[in-house]
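Chemist: sequence plus predicted model, see below.
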Amino acid sequence: MADQSNPDIIYTIVDEAPELASASFLPIIRSFAAAADIKVGTKDISLSGRIIATFPENLTEAQRQSDDLAELGELVKTPDANVIKLPNISASVPQLVAAIEELQSQGYDIPSYPEEPKDDAEKDIKVRYDAIKGSAVNPVLREGNSDRRAAKAVKNFAQKNPHSMGSWASDSKTHVSSMSGDDFYANEVAATLAADQAGAARIEFVGKDGAVTVLKDGWKLEVGTVVDATFMSAKALSAFLSAEIEKTKKDGIMFSLHMKATMMKVSDPIIFGHAVKAWLAPIFEKYADALSSVGVNPNSGMGDVLNRIATLPNAAEIQADIAALTAERPAMYMVDSDKGITNLHVPSDVIIDASMPALIRAGGKGWDAKGEKGDVNCVIPDNCYATVYDEAISFFKANGALNPATAGTVQNVGLMAQKAEEYGSHPTTFEATGDGAIRIVLANGEVLHSLDVEAGDIWRACTAKKAPIENWIELAIDRQRLTGAQAIFWLDEKRGHDAEIIKYVVPALEAAGVAGKFQIMAPREATRASLETITAGKDSIAITGNVLRDYLTDLFPILELGTSAKMLSIVKLMNGGGLFETGAGGSAPKHVQQLVQQNHLRWDSMGEFCALSESLNYLADRKGNAKAAVLGAAAEAATQGILDNNNSPSRKVGEPDNRDSHYWFARYWADALAKQTDDAALADHFAPIAKALVEKEADILKELAAVQGVAADIGGYYHPSVEKKAAVMRPSASFNAIIG
């Protein structure tokens, strides 16, 4: 349950490994902050917390939770907001279902998720759950644009201690495959709304018979908003996927699909389902009725398909046919070779912004079912941003792997405020139910966009509002002024959406007198220019929309730093507050598994360390809190200490883990506070703490090491027990006695 006091800083309750780490780190933050009269509260935005808040009807008073996400959504619109946001699950349907089942097993009387609602009551339940799916948190909290970059200490460490990189061969067969047309990129149209066009619009499907079905009504569109519409042809997609499977087999390499089924929670699961169906095409054709009888939905992934097939009377026959088909197919890129988890098992298992950078870092290699490395056909159906990865692969084939020891850095200024460019993660994406047209009708009756579609086509509309666009351009100008670095707007003039954004960018740069300091490039050209720049040891600023922000702030950090979890991520809220994000959580599930099995948490809290410093510095600046400034400076020193002394967690059981790194952070933090001369009271307070942490080092590290190597009980994956979680993550009595 979240702390509802009136705090100076909000620390979010989230999911998986970051939340386990919080059970160890948050008590340290609160203890140190209290010495400066700084209150640190919490808000529960975890998947389980959001589910509980959505269905309070049959819960006991003790079980109910407030809607912390909604409350936090209002807070970030105020100038006093100071939020440290950890990464949370962007739930796919399988994850949502698993979380529901866990809560039900814990005694929470909540409804199951009805994938195919049978009545109005189930339709209502599905609508409420669907609001929780996908990237439901970020659009609510991101009331500002993004400033993401590697913290100076982190970048320095990465250059002095370069991580391993796979070797690239010029004759590598690894490549990106995308549709030749009829995708979102090819079909996109866009316009910027004039004053007489603003108001409550609607989206309609017009059938061949002229019948009109309203898909969305009361869609509020403001003056100056860029409004896009596009669609992907289901027929073209299916033909493309089938052809790529055959082409991959002919090339003798692995097949892989890379999507963003968490952010694009309507469109990408459908595309993912087409890939599953293409891979198992003979099975779906031969056993159509049987599969339908057990509710097989390819959009949920091959794992769900196989589980449902196992319940059929003729399961053995179907499984034998699948085994025979698999033998005929090309090798499959594996998420987990040991467990037989393929690239097509779960939509959220292979997320493009994490999977593609990892593959590129590994020299273009993936792992097959036997655990052997090989080249890969990276299938990214839509061309909007596939060119980024295609160009990166081409660059490294020609030039070899990036050298982290000498590489510069790519910062990012991302347009994301007020749900800008959340492609498909909003209720304006639809699967056409028949042949006809889908159109946007404005408040004045004008048809803004109308696109002809066929049954099964995926149609979507997206918007970017005027104020966030203008704020984004100002943020880019400011970042370039502060750094003097190369600055590129990643915008394609041949694409409808980008062409409208350029109409804002060019006049704004000219009015500010800085047009000569910026370039505008399509993503492919911008990728090559940025890679050339950082290969030469220089820095670049990528000024992008929201999806590219998401993709690039994994791609470049994974190449430069070895991870995206150590990025400094500041959201400068448009009304003056601050949202400090702590990095990515893509590998968090494996971390939790290791903790449960071996009581070793390899999650690296570097993102939390960096965000904490920024949050304290912000508090000092906004509230004139001198003590917060002292704490912030000392936290930065502690972060540098962690890096300089190699106190980050190890991947292997029996070696230092996340909890050890928190001890060292507390020790360096206390030491810096004890030695500083700006605040005598804080120095006096932390001197004995710093001394005790040094004197008790052997006992603390021994107590932390002693618990490793055996199973750990945290009481649940999605909704762990607070008490059990604390017991596992705070096992050192000596450390706890000092910190409190």
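Modeler: Great, that's in hand. Numbers count the residues shown, from 1 in each chain.
Chemist: next, the contact list for the closest residue to M334 other than its chain neighbours, please.
Modeler: Using C-beta to C-beta, 6 or more residues apart in numbering and skipping residues adjacent in sequence, the residue nearest M334 is W367, 5.2 Å away. Glycine gets a C-beta too; all of them are placed from N, C-alpha and C. Applying C-beta atoms under 8 Å, 6 or more residues apart in numbering to W367 gives the contacts 333-334, 337, 373-374.
Chemist: among those, name the buried ones.
Modeler: Buried members of the contacts of W367, scored by 16 or more other C-beta atoms under 10 Å, are 333-334, 337, 374.
Chemist: tell me which of these is nearest to Y551?
Modeler: Y333 (18.6 Å; C-beta to C-beta).
Chemist: that closest one touches T248, doesn't it?
Modeler: No: with contacts counted by C-beta atoms under 8 Å, Y333 stays clear of T248, the gap being 9.9 Å.
Chemist: what touches both of these two?
Modeler: With C-beta under 8 Å, 6+ apart, Y333 and T248 have common neighbours 254-255.
Chemist: three-state assignment of C462?
Modeler: At C462 the chain is in strand, as set by DSSP: H, G, I helix; E, B strand; the rest coil.
Chemist: oh sorry, the question was meant for S648
Modeler: Strictly by three-state DSSP, S648 counts as coil.
Chemist: any idea how far A687 is from it?
Modeler: 27 Å (C-beta to C-beta, to the nearest Å).
Chemist: low-confidence stretches in this structure?
Modeler: Applying pLDDT under 70 to the chain flags residues 1-5, 424-425, 583-587.
Chemist: picking up where we left off before, between S648 and A687, tell me which one has more neighbours.
Modeler: Between S648 and A687, counted using other C-beta atoms under 10 Å, S648 has the larger neighbour count: 19 against 15.
Chemist: thinking again about what came up before, please flag which of the contacts of W367 sit within helices.
Modeler: Using DSSP state H, no member of the contacts of W367 sits in helices.
Chemist: which of the residues you listed lies closest to I253?
Modeler: Of the contacts of W367, the one sitting nearest to I253 (C-beta to C-beta) turns out to be G374, at 6.2 Å.
Chemist: so that closest one touches I253, yeah?
Modeler: Yes: using C-beta under 8 Å, G374 is in contact with I253, at 6.2 Å.
Chemist: give me the common contacts of the two.
Modeler: Common neighbours of G374 and I253, counting by C-beta under 8 Å, 6+ apart, are A331.
Chemist: tell me the one of the buried ones among the contacts of W367 nearest L59?
Modeler: Of the buried ones among the contacts of W367, the one sitting nearest to L59 (C-beta to C-beta) turns out to be M334, at 40.1 Å.
Chemist: beta partners for the closest one?
Modeler: T342 (DSSP bridges).
Chemist: please begin residue numbering at 791 from this point
Modeler: From this message on, residue numbering opens at 791, which makes the last subject M1124.
Chemist: what's the spacing between it and I1112?
Modeler: 16 Å.
Chemist: what's the answer for K1293, then?
Modeler: Separation of K1293 from I1112 (C-beta to C-beta): 52 Å.
Chemist: what's the answer for Y1294, then?
Modeler: Taking C-beta to C-beta as the criterion, Y1294 is separated from I1112 by 51 Å.
Chemist: got it, and G1156?
Modeler: 22 Å.
Chemist: check I841 too.
Modeler: 33 Å.
Chemist: between these two, point out the one with more neighbours.
Modeler: Taking other C-beta under 10 Å, I841 and I1112 do not tie; I841 has more neighbours (24 against 19).
Chemist: what ranges do the strands span in the stretch 791-940 of the chain?
Modeler: 799-803, 830-834, 872-875, 934-940 (DSSP state E, counting those that start in this stretch).
Chemist: G1505: which of the ones you listed is closest?
Modeler: strand 799-803 (15.0 Å).
Chemist: direction included, what does the closest one pair up with?
Modeler: strand 830-834 (parallel), strand 872-875 (parallel).
Chemist: with distance to V1337 added, can I get these in a markdown table?
Modeler: Shown next, in a markdown table, are these (distance: least, C-beta to C-beta, whole Å):
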| stretch | distance to V1337 |
| --- | --- |
| strand 830-834 | 26 |
| strand 872-875 | 19 |
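Chemist: with distance to E1487 and mean neighbour count added, can I get those strands in TSV?
Modeler: As requested, the strands paired with strand 799-803 are arranged in TSV below (distance: least, C-beta to C-beta, whole Å; neighbours: other C-beta atoms under 10 Å):
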stretch	distance to E1487	mean neighbour count
strand 830-834	26	21
strand 872-875	28	24
